[in-house]
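J.: next one to model:
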Amino acid sequence: MNALINNIEQQLSAHLNQLVQIENHRQVFGGDINQAFYLQTNAGPFFLKLNEGNFKDMFQKEFEGLQMLHQTKTVKIPEPVLYGSFEDHIFLFTEFIQKGNASKNFWQTFASQLAALHKHTNEQFGLSSGNYVGTLPQQNNYCNSWQEFYATQRILPLMQLVFDQNKCSKADIMSAEKLCNHLHNLLPEEMPALVHGDLWNGNLMSDKNGTPVIYDPAVYYGNREMDIAMSLLFGGFSNYFYEYYNELLPLQPGWKMRIQLHTLYPLLVHLVLFGGNYYYQVMNILQKYS
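T.: Numbers count the residues shown, from 1 in each chain. Have a look, this model is predicted:
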């Protein structure tokens, strides 16, 4: 660990163009993918993520995603500082944000910020390169419609991966193909929106001033209903959030009926990574919509 700390000091010093010394560090918890640390330095506090995984560009992609969100000037994120590697480790430095209690108007503020983020658009759905959702590579090849993108870049590649892992049958693949063949009847047309991509309640917090903060993005230009559906998957946000969001940037009619359809992708991600009962949740959605 000492050699890693010394190397990080050197890289951070070069990046900030000043001598940086780590005065204290302690491990913090909250995720199961990376090791995370609070670092106190003579240049201020920082947040450090470490990983020994096989995907050496994972933190580079997260860094780029944080930069994209930061540049929109809509919602607060931990400002990215530096990413790099040392021996078998990859690391990501960001601003350290102290957690606090949510303000009285927290959900109204966040609804307004997310609506503003979703107004950032692009000519096509996708992104200029792939990135990651958790530790799973996420392909983002550009498509002209959301229906095409959701089929070719989200559902079908992961169903094939699930099949390759012997977690589903050929008949299940055919069900997914059947669904994808009539997505044009199920999903409305809408301009691409810059989405967080992994917006569940574990990736949202309040800073010490009560301001919303989002982190761990998996950004791309997609249908904004993906963020809304993802936010409902594991416990959901306050009902006030959805009310405020719909006042500011109304979702298209029938959005509640499409929630399960848009949670198919994150459930497939969990099926690939963890298996288990996620298979039955995925199959229930395929049977419902196909």
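J.: CA only for contacts and neighbour counts going forward, please
T.: OK.
J.: lowest-scoring secondary structure element of this structure by mean pLDDT?
T.: helix 2-16 (a mean of 87; mean pLDDT, DSSP states H and E).
J.: against which helices or strands is that one packed?
T.: If you count contacts as 3 or more C-alpha pairs under 8 Å, 6 or more residues apart in numbering; DSSP states H and E, helix 2-16 packs onto strand 80-86.
J.: and the contacts of the following helix or strand past the strand it packs on?
T.: Next in sequence after strand 80-86, counting helices and strands by DSSP states H and E, comes strand 89-95. Contact partners of strand 89-95, identified using C-alpha atoms under 8 Å, 6 or more residues apart in numbering, comprise 45-53, 56, 59-60, 63, 78-85.
J.: list the buried residues in the helix or strand just after strand 89-95.
T.: Counting by DSSP H and E, the next helix or strand C-terminal to strand 89-95 is helix 106-118. Neighbour counts over helix 106-118 (16 or more other C-alpha atoms under 10 Å) mark 106-118 as buried.
J.: what's the answer for stretch 83-102, then?
T.: By neighbour count on 16+ other C-alpha under 10 Å, the buried set for stretch 83-102 is 83-85, 90-97, 102.
J.: what does stretch 195-215 give?
T.: 195-201, 204-207, 210-215.
J.: the stretch 101-250 of the chain: helices as residue ranges?
T.: 106-118, 146-149, 156-164, 170-181, 183-186, 225-233, 239-248 (DSSP state H, counting those that start in this stretch).
J.: for the fourth one, packing partners?
T.: Applying 3+ C-alpha pairs under 8 Å, 6+ apart, we find helix 170-181 packed against helix 156-164, helix 278-289.
J.: among the ones you listed, which comes closest to residue 269?
T.: Evaluated over those, closeness to residue 269 peaks at helix 156-164, with 7.2 Å, by C-alpha to C-alpha.
J.: any idea how far the closest one is from the chain center?
T.: Put simply, helix 156-164 sits 20 Å off its chain's centre (C-alpha atoms, centre = their mean, to the nearest Å).
J.: avg pLDDT for that helix?
T.: For helix 156-164, mean pLDDT rounds to 98.
J.: and the angle from that helix to helix 170-181?
T.: Interaxial angle, helix 156-164 versus helix 170-181 (axes from the mean of the first three to the mean of the last three C-alpha atoms, to 10 degrees): 180 degrees.
J.: kindly calculate the angle that helix 156-164 makes with helix 278-289.
T.: Using the same axes, to 10 degrees: helix 156-164 against helix 278-289 is 130 degrees.
J.: could you dump helix 156-164 to PDB, C-alpha only?
T.: What follows is helix 156-164, C-alpha atoms only, in PDB (Å, rounded to 0.1, in the frame of the first residue of the first chain):
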ATOM      1  CA  LEU A 156     -30.000  -8.600 -27.500                       C
ATOM      2  CA  PRO A 157     -26.200  -8.400 -26.600                       C
ATOM      3  CA  LEU A 158     -27.000  -9.100 -23.000                       C
ATOM      4  CA  MET A 159     -29.400 -11.900 -23.800                       C
ATOM      5  CA  GLN A 160     -26.600 -13.500 -25.900                       C
ATOM      6  CA  LEU A 161     -24.200 -13.100 -23.000                       C
ATOM      7  CA  VAL A 162     -26.800 -14.700 -20.600                       C
ATOM      8  CA  PHE A 163     -27.100 -17.600 -23.100                       C
ATOM      9  CA  ASP A 164     -23.300 -17.900 -23.300                       C
END
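J.: so what touches stretch 220-231?
T.: With contact meaning C-alpha under 8 Å, 6+ apart, stretch 220-231 is reached by 118, 121-122, 124-127, 140, 146, 190-201, 237, 251, 255, 259-260, 262-263, 266.
J.: that one - what's its average pLDDT?
T.: 98.
J.: end to end, how far does it reach?
T.: Chord length of stretch 220-231, first to last residue, is 16 Å (C-alpha to C-alpha, to the nearest Å).
J.: and what of stretch 147-162?
T.: 21 Å.
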